[in-house]
Each structure stands twice: as C-alpha cells, then as structure tokens.
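Enquirer: pasting the sequence and the predicted model now:
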Amino acid sequence: MSEQQNAASQNEEGQSLSFETLYEKYATDVIRVSYFYLGDMQKAEDICQDVFVRLITNNPTILPGKEKAWLLKVAVNRCKDLWRSGWVKRVVLGSPAFELVPAPDDFSRHDDEAEMMSAIHALPPVFKEVILLHYYQGFGVAEMAQMLSLPEGTIASRLSRGRKKLETILKGGDNR
C-alpha cells in the first residue's frame with residue numbers, strides 16, 4: 001500500500017472514529033431535544049438518525065468544542081422542517097412515557113416532572129426550543145443566538161416570555 005493510500009485509510013478511520021465518538025457522546029441529547037420539540041419518540045429517533053447521516057455525508061467543518069451545538073442546531077432545524085411539513089399537523093401533547101415505574105417516594109417528583117413536561121409541550125415552538133436548549137441542554141443566550149441565527153435580544157426575550165407562559169400554564173391559566 002502506498003503512503004497516500006495508507007494516509008487516506010488512516011484519515012477515514014479517524015473520521016469514522018470521531019463520528020462514533022460524537023454519536024456516543026451526543027445522540028441522547030439530539031434525541032432528547034427532538035423528542036421535547038416534537039413530542040414523538042419515533043420521530044425524534046428519525047431526526048437523530050438524519051442528523052448523524054448529514055454529519056457523515058456532508059462532513060462539515062466544525063470548530064472543536066462546538067460539535068454539540070452543531071448537532072443540536074441541525075436537529076432543531078430538522079424538527080422545524082418536520083413541524084412545517086403537511087405530514088405533521090400538531091404536536092402530541094402529554095408527558096413523556098417513562099420506562100421505569102417510580103418508587104413510592106418518587107411519585108410526587110414524577111408528577112411534578114410530568115406536569116412540567118406537559119406545560120413545556122403546550123408552549124409555542126419558538127418558546128419551547130429556547131426553554132429546552134437553555135434548561136435541558138445548558139446553553140447560554142449567546143450560544144443559542146449563534147445556534148439559531150437570531151439576535152441575542154430575541155433569544156433573551158423568547159426565554160423571558162417562555163418562562164412567563166410556563167408559569168401561566170402551570171398555574172392553570174390560558175396556555176396560549
């Protein structure tokens with residue numbers, strides 16, 4: 001094998017290893033954000049698969065340390081595309097299906113989490129995405145602004161308005 005073929009082979013192995021590493025590290029986050037956005041686990045898994053297929057086929061240049069932001073941005077954009085398509089008419093509201101039955105002392109916490117998730121699912125998509133990215137993925141306003149290609153003021157406003165809407169929903173008020 002020539003040096004060029006050997007270098008190309010090593011480069012391909014390094015890339016596939018990095019794809020595997022990225023998948024192992026961030027697939028759960030991509031599925032979680034997609035699920036919270038769409039309210040459907042099967043669609044969320046499809047989005048996750050699509051995100052990683054795009055990563056492999058497009059091979060974008062991603063700055064080190066920004067891999068998660070790129071993956072979540074693509075996931076949110078794919079969720080928006082699916083949301084806008086004629087195939088999806090509305091988000092299925094409701095709490096996520098938990099695979100484990102909570103212990104008796106966890107019922108109160110489980111009910112609180114279910115109520116919060118139901119309230120988040122009731123939010124309009126623009127508020128839902130910033131709430132999920134901020135509170136469930138830990139992104140700051142500046143990172144979300146860059147990720148969503150929006151001004152920081154817009155993100156901060158959506159976050160503030162989303163919190164107020166969540167509070168209204170949780171207190172039993174109008175959820176619009």
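Expert: Perfect, I can see it now. Numbers count the residues shown, from 1 in each chain.
Enquirer: only C-alpha atoms from now on, for both contacts and neighbour counts.
Expert: Noted.
Enquirer: can you tell me the closest non-neighbouring residue to the residue most central in space within the chain?
Expert: What sits nearest the mean C-alpha location of the chain, by C-alpha atoms, centre = their mean, is Val33, with 2.2 Å. Leaving out its chain neighbours, the residue that sits closest to Val33 by C-alpha to C-alpha, 6 or more residues apart in numbering is Leu132, at 6.7 Å.
Enquirer: again, but for Gly162
Expert: Spatial nearest neighbour of Gly162, excluding adjacent residues (C-alpha to C-alpha, 6+ apart): Phe127 at 4.9 Å.
Enquirer: next up, the contacts around the one you found.
Expert: Counting by C-alpha atoms under 8 Å, 6 or more residues apart in numbering, Phe127 touches 158-159, 161-162.
Enquirer: show me the residues you listed that map onto strands.
Expert: When the contacts of Phe127 are checked against strands using DSSP state E, none is located there.
Enquirer: filter the residues you listed to the buried ones?
Expert: The neighbour-count test (16 or more other C-alpha atoms under 10 Å) marks 158-159, 162 as buried among the contacts of Phe127.
Enquirer: where does pLDDT dip in this structure?
Expert: For the chain, the stretches with pLDDT under 70 are 1-17, 83-113, 173-176.
Enquirer: redo that, cut-off 80
Expert: 1-17, 38-39, 82-118, 121, 136-137, 172-176 (pLDDT under 80).
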